[in-house]
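Enquirer: okay, sequence plus prediction incoming.
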2 protein chains.
Amino acid sequence: MIRPQLATMLAFLLTDATVDASLLSELVKEGARRTFNRITVDGETSTNDMVLVLANGAAGGPRLTPGGKAFQSFREALFDAMHRLALAIVHDGEGRTKVVEIRVQGVRRVTQAEKIAFRVAHSPLVKTAIFGEDANWGRVMSALGDAGVTFDPRHVTIAFDDVVVVDGGMKVPETTDAQLKEVLRKPEFAIVIDLHRGSEQVSVYTTDLSYDYVKINASYRS
Amino acid sequence: MIRPQLATMLAFLLTDATVDASLLSELVKEGARRTFNRITVDGETSTNDMVLVLANGAAGGPRLTPGGKAFQSFREALFDAMHRLALAIVHDGEGRTKVVEIRVQGVRRVTQAEKIAFRVAHSPLVKTAIFGEDANWGRVMSALGDAGVTFDPRHVTIAFDDVVVVDGGMKVPETTDAQLKEVLRKPEFAIVIDLHRGSEQVSVYTTDLSYDYVKINASYRS
């Protein structure tokens, strides 16, 4: 039951940097949008999640101000920590045998890229194909077509890690099953979808759909 | 891979009634909306589905006109046939052990009722609970809350067939586990959700999410 927005997940981050509450609050919102809100196990949300960042200024450095070099370093470090915590949740996903990045690029708007990435990440057919270690690009393409975003299928590229399986909307004949199998066997890999329509990019992290997912959630007694 | 809109499904209906193509076309659209487009196995759509109704007028009766008694009978018979064909698809759902009607009532608009019914029907947690024969109304309530439709949880009623488990947003203390178990054990039953906000009602038919669903879709080779 994990697709934060947010879902039964309490995250606490502590820092000794000197940063105003209002600035930190903005950073946390941006960070949560880019990290905790871009993971999903099964698309199920719940009611009691939160991310808290506490800063006590004990490091004694200068107060952070937007745009400065110290601010950039702090922002990167914070987002990196949030990203790692978010990924840890995916690794704990019910019955997961794989952690997969759904990277959608070449899209005009971030919201469109998110829509597509979540549609693919929530597809039971894509998730079971990942569990079965089958590079089923047809299921990925089919989920794309149902994401509610307009695109030209003739310009779509799909790759599993760096193995391109679809280019210009067509199967790449040179790509071999052995190359794909090597990627799919890994516990972590990326499905990279490029629509070649814009410059935005979003990554959503998800799991496969396994027997154990069904077992864990079907044997639970309410 | 079945949530028509439409998905790898070819339906043909034949009639010897005398009915104009334009009138029949309207009926087919309305019928498909109410029947074939209100079933879902796993929310996955595909590209090559259709419903055809052919009328040859061989019965020799008068030409059907909207509003007449013969028209009403024809309309009902057609929709009933379409409904039965649509249900047959759900019964063929990958790995299904249950067929469940998600009936959403007391809603202001049909589109809202559809949104809620499909959100519940596509919930992996609700589907695995059905597979596990657990009357997990909390998962139903949680899916409701994520359907994108405004409602007052204090006015929600949830029943499994005629066994009311939630009323006024609260667990009904008199309802026993034995009563619920009796419903959940059945191969077909209804989850009835009433929001008490309007007079529209929609039923969507779906399946559970079983080990065999995962097996069938994970062992398929592309």
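Expert: Now that the structure is in, tell me what you want to look at. The shown structure was predicted, so the numbers you read here are calculated from the model rather than taken from an experiment.

Enquirer: what pLDDT does the residue of chain A positioned farthest from its centre get?
Expert: Most distant residue from the mean C-alpha position of chain A: A:Gly60, 35.1 Å away (C-alpha atoms, centre = their mean). Listed pLDDT for A:Gly60 reads 89.

Enquirer: also A:Ser46?
Expert: As predicted, A:Ser46 sits at a pLDDT of 71.

Enquirer: circling back to that earlier point, gap between the residue farthest from the centre of chain A and A:Thr15?
Expert: To A:Thr15, A:Gly60 is 13 Å away according to C-beta to C-beta, to the nearest Å. Placement of C-beta: from N, CA and C, glycine included.

Enquirer: next structured bit after the longest helix along chain A?
Expert: Taking DSSP state H as the assignment, the helix of chain A that covers the most residues is helix A:69-91. Next along the chain after helix A:69-91, taking DSSP states H and E as the criterion, comes strand A:99-107.

Enquirer: average pLDDT across that following strand?
Expert: Per-residue scores along strand A:99-107 average to 98.

Enquirer: which outside residues touch it?
Expert: With contacts defined as C-beta atoms under 8 Å, 6 or more residues apart in numbering or on different chains, strand A:99-107 is touched by A:87, A:90-91, A:93, A:113-114, A:116-117, A:120-121, A:130, A:149, A:157, A:187-208.

Enquirer: mind checking which of those residues are buried?
Expert: A:87, A:90, A:93, A:113-114, A:116-117, A:120-121, A:130, A:149, A:157, A:189-195, A:197, A:200, A:202-208 (16 or more other C-beta atoms under 10 Å in any protein chain shown).

Enquirer: export stretch A:148-158 as PDB, just CAs?
Expert: Only the C-alpha atoms of stretch A:148-158 are listed here, as PDB (Å, rounded to 0.1, in the frame of the first residue of the first chain):
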ATOM      1  CA  GLY A 148      -4.100  10.200 -21.500                       C
ATOM      2  CA  VAL A 149      -1.200  12.100 -23.100                       C
ATOM      3  CA  THR A 150      -1.000  12.700 -26.900                       C
ATOM      4  CA  PHE A 151       2.100  11.500 -28.600                       C
ATOM      5  CA  ASP A 152       3.200  10.100 -32.000                       C
ATOM      6  CA  PRO A 153       3.900   6.400 -31.700                       C
ATOM      7  CA  ARG A 154       6.200   6.700 -34.700                       C
ATOM      8  CA  HIS A 155       8.600   8.700 -32.500                       C
ATOM      9  CA  VAL A 156       8.700   6.600 -29.400                       C
ATOM     10  CA  THR A 157      11.900   5.000 -28.100                       C
ATOM     11  CA  ILE A 158      11.900   2.400 -25.400                       C
END
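
Enquirer: how far does that stretch sit from the chain's center?
Expert: Chain-centre distance of stretch A:148-158: 20 Å, with C-alpha atoms, centre = their mean, to the nearest Å.

Enquirer: does chain B sit close to that stretch?
Expert: No - using C-beta under 8 Å from any C-beta of the partner chain, stretch A:148-158 stays clear of chain B, with a minimum separation of 10.6 Å.

Enquirer: give me the contacts around that stretch.
Expert: Residues from elsewhere that reach stretch A:148-158 (C-beta under 8 Å, 6+ apart): A:106-107, A:112, A:115-116, A:119, A:137, A:140-141, A:144-145, A:164-169, A:191-197.

Enquirer: I'd like the average pLDDT over it.
Expert: Here stretch A:148-158 scores 96 as its mean pLDDT.

Enquirer: among the contacts of strand A:99-107, which ones are in strands?
Expert: Counting by DSSP state E, the contacts of strand A:99-107 place A:157, A:188-194, A:200-207 in strands.

Enquirer: output the contacting helices and strands for the longest helix of chain A.
Expert: strand A:10-15, helix A:21-34, strand A:99-107, strand A:200-207 (3 or more C-beta pairs under 8 Å, 6 or more residues apart in numbering or on different chains; DSSP states H and E).

Enquirer: hmm, back to that, now, which of the ones in strands among the contacts of strand A:99-107 sits nearest chain B?
Expert: When those are compared for distance to chain B (C-beta to the nearest C-beta), A:Thr207 wins out at 11.4 Å.

Enquirer: might you report the residue contacts of that closest one?
Expert: A:41-42, A:90, A:93-100, A:127, A:213.

Enquirer: show me the two of the residues you listed that sit farthest apart.
Expert: Comparing all pairs in these by C-beta to C-beta, the longest separation belongs to A:Glu94 and A:Val100, at 15.1 Å.

Enquirer: those two - which one has more neighbours?
Expert: Per other C-beta atoms under 10 Å in any protein chain shown, whichever of A:Glu94 and A:Val100 has more neighbours is A:Val100, with 25 against 22.

Enquirer: gap between the more buried one and A:Asp177?
Expert: For A:Val100, the distance to A:Asp177 - C-beta to C-beta - is 19 Å.

Enquirer: likewise for A:Ala88?
Expert: Taking C-beta to C-beta as the measure, A:Ala88 falls 33 Å from A:Asp177.

Enquirer: double-check that A:Thr65 belongs to a strand.
Expert: No - secondary structure of A:Thr65 (DSSP: H, G, I helix; E, B strand; the rest coil): coil, not part of a strand.

Enquirer: so it touches A:Phe71, yeah?
Expert: Yes - contact criterion C-beta atoms under 8 Å: A:Thr65 and A:Phe71 qualify, at 6.1 Å.
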